[in-house]
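Q: A structural model of the following input is requested.
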Amino acid sequence: MLSQGIQFEHGTFDEALTKSKKENKLLFIDFYTDWFRPCKVMNKNVFPLKEVGKYMNEHFVSIKVNAEKGEGVELAKKYKVSAFPTLFVLDENGNQKKRVDNSILEGTLFLNFAKEFVGDKLPFLQQFEAYEQGNRDLDYVRDMIKNSIVYKATLPKEEKKVWYDQINEMCAWYFFVKQPKELMNKEDFSLITKYYNSSNNGHPILEHIYNNYKAWKKVIPVEDLTRFILISNSSSISKAAYRSDLKFREYLAAIQGRLAEVYKDANSEDKFEELTYSSEATYSLNTLKDLDRYMDWSDKLLIHLKEKDELNAFTYSNCPIGMYYQAKDLISLKQAKRMLKIINSGLKQFPSEFKLWDTKGDYLNLIGNKKAAKESYNKAVELVRDLECGDGHITRIKKKLETLK
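A: Residues are numbered from 1 along each chain as shown. Here you go, the predicted model:
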């Protein structure tokens, strides 16, 4: 029995292109990876929808391309795919008509994106024209804001900034006009998660969600609601600590206070320890310039993550990199040697992590061991050669090597 959603072709790219030409249809491509969550969400929540499948199967030939396997590797290079998912519409000759370097996580938005190419929906710029001429119907504005997110993702990098400001202006108006309690619905919540998903603690909308969690939970799936709250609160903690704002401790306390039920529902009560260690370390480094205190808190974080079996190469490299670039001139010989012990511990577990070798070179150079520093830098260059973004790192590391001559 066929799925009610999009019928993706299972052959090669060329076979799908040939079929699109034969059937006089556009070719839709979903460039994805197995590991990136938005790819999985689209695959689970958008592509199987009946209304999406009905329209797409009628007007498009569709194919999924894993950008990290088989012919997908070369196709991703050909079409310069660097974000996932990246969605393409090609004509019958394989020429790009439009691309979206982002996920479209709602069926309605995805259909709006598809219908513009078939001519069944007004192009976004014509929709925006009506707004500019004074259309302030709230439902219209909300839908246009959602469509603008997809439109922005189709633009060249240099044009995105203009639309980013324009979209923010529309959102600010929309969220000012509507009272927080009027936003308690799935459609408005989807907008809130896009525009207030970072460090916005204290904003009236977030305050309403935080203080009325049980009421919001009746409207919004608990998984989506808790994810949003955890992301926004964690971001507010990190940003406040970085900016020397002691409110980060107030946001931390909320984990065991007014947001306790949220963290319990998300099975994330232990985030209090992790976020305490990381934010206190940040505050120690950026504000107090107390490097010993910074390393003490960083050690606690490493121990905590090790006990949870969540240590990774990034965690090991983040601590020494942060101290080196934030307070290079303040690091004593004793502190540099202590940091080298942390780096070497990381290399025992992650010997192929070039950032650890690169940073080890920095600290060896700092204590005057130029020969060992040179060896570490060269090891980092060797490891980074095969990375897609390796050229920039190699250039940067080679500049360091030049200073050792």
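Q: going along the chain, name the helices of the stretch 301-405 of the chain.
A: 313-327, 333-349, 354-366, 370-384, 390-403 (DSSP state H, counting those that start in this stretch).
Q: so for residue 123, which of the ones you listed sits nearest?
A: Nearest to residue 123 among those is helix 390-403 (36.8 Å), distances taken as Cβ to Cβ. (Glycine included, C-beta is placed from N, CA and C.)
Q: how about the helices of the stretch 301-405 of the chain, which one is nearest residue 13?
A: helix 390-403 (26.6 Å).
Q: for that closest one, name the packing helices and strands.
A: The contact analysis (3 or more Cβ pairs under 8 Å, 6 or more residues apart in numbering; DSSP states H and E) places helix 390-403 against helix 354-366, helix 370-384.
Q: number of nearby residues for residue 351?
A: Taking other Cβ atoms under 10 Å as the neighbour definition, residue 351 ends up with a count of 12.
Q: for it, what are phi and psi?
A: For residue 351, the backbone dihedrals (degrees, to the nearest 10) come out as phi -70, psi -10.
Q: in this protein, where is pLDDT below threshold?
A: Judged against pLDDT under 70, the low-scoring parts of the chain cover residues 1-3, 386-390.
Q: with mean neighbour count and distance to residue 52 added, can I get the helices of the stretch 301-405 of the chain in a markdown table?
A: Shown next, in a markdown table, are these (neighbours: other Cβ atoms under 10 Å; distance: least, Cβ to Cβ, whole Å):
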| stretch | mean neighbour count | distance to residue 52 |
| --- | --- | --- |
| helix 313-327 | 19 | 36 |
| helix 333-349 | 17 | 44 |
| helix 354-366 | 23 | 41 |
| helix 370-384 | 18 | 41 |
| helix 390-403 | 13 | 38 |
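Q: and stretch 20-28, what's buried?
A: 20, 25-28 (16 or more other Cβ atoms under 10 Å).
Q: may I have the distance across that stretch, first residue to last?
A: The first residue of stretch 20-28 is 9 Å away from its last residue (Cα to Cα, to the nearest Å).
Q: and for stretch 263-278?
A: 18 Å.
Q: and the contacts of that stretch?
A: In this structure, residues lying in contact with stretch 263-278 by Cβ atoms under 8 Å, 6 or more residues apart in numbering are 217, 222, 226-227, 230, 234, 237-238, 241, 252, 255-256, 260, 297-298, 300-301, 304-305, 308.
Q: please enumerate the strands of this structure.
A: Using DSSP state E, the strands of the chain run over 8-9, 26-32, 60-66, 86-90, 96-100.
Q: turn the ones you listed into a markdown table, including distance to residue 50.
A: Shown next, in a markdown table, are the strands of the chain (distance: least, Cβ to Cβ, whole Å):
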| stretch | distance to residue 50 |
| --- | --- |
| strand 8-9 | 15 |
| strand 26-32 | 17 |
| strand 60-66 | 15 |
| strand 86-90 | 20 |
| strand 96-100 | 22 |
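Q: most packed of those strands?
A: Among the strands of the chain, strand 26-32 has the highest mean neighbour count (mean count of other Cβ atoms under 10 Å), at a mean of 24.
Q: now the closest residue to residue 231 other than its chain neighbours: phi and psi?
A: Among residues not flanking residue 231 along the chain, residue 197 sits closest, at 5.5 Å (Cβ to Cβ, 6 or more residues apart in numbering). Backbone torsions of residue 197, given as degrees, to the nearest 10, read phi -100, psi 20.
Q: alright, I will stop here.
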